[in-house]
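> mind folding the following:
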Amino acid sequence: MTALQIAAILLLWNGQPPTTAASAATTAAAATATATVTTTAAHTTRTAATRDLETRAETRAETVLQLSDAIEIASALNEVPQMAEARVARARAVRREAWAQLFPRLVASGSYTRRTETLSREITPGQTIVMQQKNALAGNITLSVDVVDARALAALSATGHSLESESYEAQEAKRLLSFEVAETFYASVLADLMVEAAQHRLDATHASVDEATARLQAGLAARNEATRTELELASAELSMTDAKSNLESTHLALEYLLGERLNEREPHITLSRDFSVPSQRPAELVEVALAERLDLRALVARRDEIDVRRKIPLLAALPRVGVQGVLTASNEVGFSGKEVDGIVQGLLTWELFDGGSRYAERDALSAELEIAQLTLQAMRRQVRLEVEQSVLQYRRAYAAHAQAETRHRIAKINAEEVRVLFSGGLSTALERVDSLLAEFEAELEVARTKIGLLLAELGIRHATGASAVLDP
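Numbers count the residues shown, from 1 in each chain. Purely as a prediction, here's the structure:
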């Protein structure tokens, strides 16, 4: 008599002795055969479910969405880059306006005057001059240019720094959007992995329910074991519902950032690549960040702009020198007798006193300059903190992922061992359910730590001013 048959006899006893040992052995053998058939059917069902997952994976491979493609779509359709480009265009227009102050200005004007009569005067006997025509026509063309204007030159320099700052901020806005897309993209991939893990748990739980039901019908197990597996099945179905809901939620968030629907496209990344602890020390990464961060460059340009503008109020105390030429044409020649005449004149404008407003404006801009300098100083310290924290986070994620893989490997071996024992009637449903739950949690933890490792790597790239996508 085999050990399995002995165990079957002990289970069949259940407070009522069997009629004969032979009948008990026969019943045990039949129950074992029934459980084996049921296990085979459950295995077939699970194999079919696995094939279905493989088919879905093949179909998804044809409609995958890579991270680089998602960032490209968001850069084209999301409003953030468009608003950033609009601000750059505005800064360019302001700079063109500053340039315009240095170029000559040409103004043409004309007039028509209708009078009741023509007015003329006799200057000498026989010589009459028309002083006013009944229909008077006049036209002027004025050309003026500022030869010396210190304020205009300073304003031009300030707009150059402003344009530089807006350009850096626009690039930084696109970069931050790419990181936001990447984080949501990774969250969507994690949600998909959670759905697959929940499906794996659900398939294994279905098989356990079938085996427990067969053993109950054969009299090899108590009712509470089948009930326990059914309870685990309900929990597995709830986990699947939550996982699918979370997947839909992450897809909606990703669609919002992309500016369009996914249309059956599934976010996909390669999780098989190896990770390693950064070879560069945090101090080296900090130096890279201070040199590469676009937001720091934007703050430097903004500070320089304010520094230049701070000088403009005092430059207003200097005189402005200009030249103006006027060409006049009229049918009222007057005493000159010329229908067309012109003049050239030099202009000097000197605002000696303005009530002290220029000094107040200078003091206000000096305060703004101090604020800008302190903001830049604080930002540099923040960048240093972000880099150091991102390195620590990556090392923590690296260690957590290694531990999660070890736990998953052990949980997988344990679940398989308990499955074999449970199929042979040598373990309880509680042990089987616990092993399935441990394997499910370990599988989820591997997925979480893998994505956490990607996010930690993304954090280092964000802190150092790099792009969100790794170079191929």
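
> for the chain, which segments count as helices?
3-13, 21-62, 67-77, 79-100, 150-217, 223-258, 282-292, 294-309, 312-315, 357-423, 429-464 (DSSP state H).

> count the neighbours of residue 241 for me.
11 (other C-beta atoms under 10 Å). From N, CA and C alone the C-beta is placed, and that goes for glycine too.

> brain fart, residue 93
When neighbours are counted by other C-beta under 10 Å, residue 93 registers 12.

> show the contacting residues for residue 237.
residue 202 (C-beta atoms under 8 Å, 6 or more residues apart in numbering).

> picking that back up, need the helices of the chain in TSV (columns: mean pLDDT and distance to residue 140).
Converted to TSV, the helices of the chain look like this (pLDDT from 0 to 100; distance: least, C-beta to C-beta, whole Å):
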stretch	mean pLDDT	distance to residue 140
helix 3-13	36	116
helix 21-62	45	74
helix 67-77	93	52
helix 79-100	96	22
helix 150-217	92	25
helix 223-258	91	59
helix 282-292	93	57
helix 294-309	97	36
helix 312-315	92	32
helix 357-423	94	34
helix 429-464	89	62
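
> for those helices, give me a markdown table that also has distance to residue 337.
Shown next, in a markdown table, are the helices of the chain (distance: least, C-beta to C-beta, whole Å):
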| stretch | distance to residue 337 |
| --- | --- |
| helix 3-13 | 134 |
| helix 21-62 | 91 |
| helix 67-77 | 69 |
| helix 79-100 | 39 |
| helix 150-217 | 41 |
| helix 223-258 | 77 |
| helix 282-292 | 74 |
| helix 294-309 | 53 |
| helix 312-315 | 46 |
| helix 357-423 | 49 |
| helix 429-464 | 79 |
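
> which one of the ones you listed lies nearest to residue 128?
Nearest of the helices of the chain to residue 128, taken as C-beta to C-beta: helix 79-100 at 48.4 Å.

> buried ones in that closest one?
For helix 79-100, the neighbour count (16 or more other C-beta atoms under 10 Å) marks 80, 81, 84, 88, 91, 95, 98 as buried.

> so what secondary structure elements neighbour that helix?
helix 150-217 (3 or more C-beta pairs under 8 Å, 6 or more residues apart in numbering; DSSP states H and E).

> correct me, but residue 201 touches residue 233?
No. Counting by C-beta atoms under 8 Å, residue 201 stays clear of residue 233, with 9.7 Å between them.

> between those two, which one's more packed in?
Ranked by neighbour count (other C-beta under 10 Å), residue 201 and residue 233 place residue 201 first, with 25 against 18.

> contacting residues around the more buried one?
By C-beta under 8 Å, 6+ apart, the neighbours of residue 201 are 236, 239, 240, 436, 437, 439, 440.

> show me which pair in those residues is furthest apart.
Taking C-beta to C-beta as the measure, those span a maximum distance of 15.4 Å, between 240 and 439.

> more neighbours: which of the two?
residue 439 (25 against 17).

> next up, the contacts around the closest residue to the more buried one other than its chain neighbours.
Closest residue to residue 439 apart from its sequence neighbours, by C-beta to C-beta, 6 or more residues apart in numbering: residue 415 at 4.1 Å. Counting by C-beta under 8 Å, 6+ apart, residue 415 touches 204, 435, 436, 438, 439.

> make JSON lines out of the residues you listed and add distance to residue 385.
Converted to JSON lines, those look like this (distance: C-beta to C-beta, whole Å):
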{"residue": "204", "distance to residue 385": "45"}
{"residue": "435", "distance to residue 385": "44"}
{"residue": "436", "distance to residue 385": "43"}
{"residue": "438", "distance to residue 385": "38"}
{"residue": "439", "distance to residue 385": "39"}
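
> which residues touch residue 380?
Going by C-beta under 8 Å, 6+ apart, the list of residues near residue 380 reads 290, 296.

> which ones are touching residue 429?
The contact partners of residue 429, by C-beta under 8 Å, 6+ apart, come to 208, 212, 221, 224, 225, 226, 228, 229, 422.

> list just the nearest of the residues you listed to residue 108.
residue 208 (93.9 Å).

> and the closest residue in space to that closest one that isn't next to it in sequence, what is it in contact with?
Distance criterion C-beta to C-beta, 6+ apart; nearest residue to residue 208, sequence neighbours excluded, is residue 229 at 4.8 Å. Contacts for residue 229 (C-beta under 8 Å, 6+ apart) come out as 205, 208, 209, 211, 212, 429, 432, 433.

> tally up the residues packed near residue 153, please.
Neighbours around residue 153, by other C-beta under 10 Å: 16.

> that one and residue 99, how far apart?
Separation of residue 153 from residue 99 (C-beta to C-beta, to the nearest Å): 11 Å.

> partner strands of the longest strand along the chain, parallel or antiparallel?
Criterion DSSP state E: the longest strand present in the chain is strand 135-148. Applying DSSP bridges, strand 135-148 is found paired with strand 105-114 (antiparallel), strand 320-330 (antiparallel).

> tell me which of these sits most buried.
Ranked by mean neighbour count, the strands paired with strand 135-148 are led by strand 320-330 with a mean of 16 (mean count of other C-beta atoms under 10 Å).

> can I get the strands paired with strand 135-148 in a markdown table including mean pLDDT and distance to residue 301?
Putting those into a markdown table (pLDDT from 0 to 100; distance: least, C-beta to C-beta, whole Å) gives the following:
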| stretch | mean pLDDT | distance to residue 301 |
| --- | --- | --- |
| strand 105-114 | 94 | 30 |
| strand 320-330 | 94 | 28 |
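
> surely residue 246 and residue 189 touch.
No. Here residue 246 does not reach residue 189: they are 12.0 Å apart, not a contact under C-beta under 8 Å.

> centre-most residue in the protein?
For the chain, the residue nearest the mean C-alpha position is residue 180 (2.0 Å; C-alpha atoms, centre = their mean).

> now do the contacts for the nearest residue to that one once chain neighbours are set aside.
Sequence neighbours aside, residue 257 is the residue nearest to residue 180 in space, at 6.2 Å (criterion: C-beta to C-beta, 6+ apart). Residue 257 is in contact with 74, 78, 177, 180, 181, 184, counting by C-beta under 8 Å, 6+ apart.

> list just the nearest of those to residue 328.
residue 78 (57.6 Å).

> quick check, pLDDT for the closest one.
Per-residue pLDDT puts residue 78 at 94.

> for the closest residue to it other than its chain neighbours, what are phi and psi?
In space, and not counting its chain neighbours, residue 78 is closest to residue 259: 5.0 Å by C-beta to C-beta, 6+ apart. Dihedral pair for residue 259: phi 90, psi 10, per degrees, to the nearest 10.

> dump the residue contacts of residue 300.
Applying C-beta under 8 Å, 6+ apart to residue 300 gives the contacts residue 376.

> residues touching residue 433, list them.
Contacts of residue 433 by C-beta under 8 Å, 6+ apart are 205, 208, 228, 229, 231, 232.
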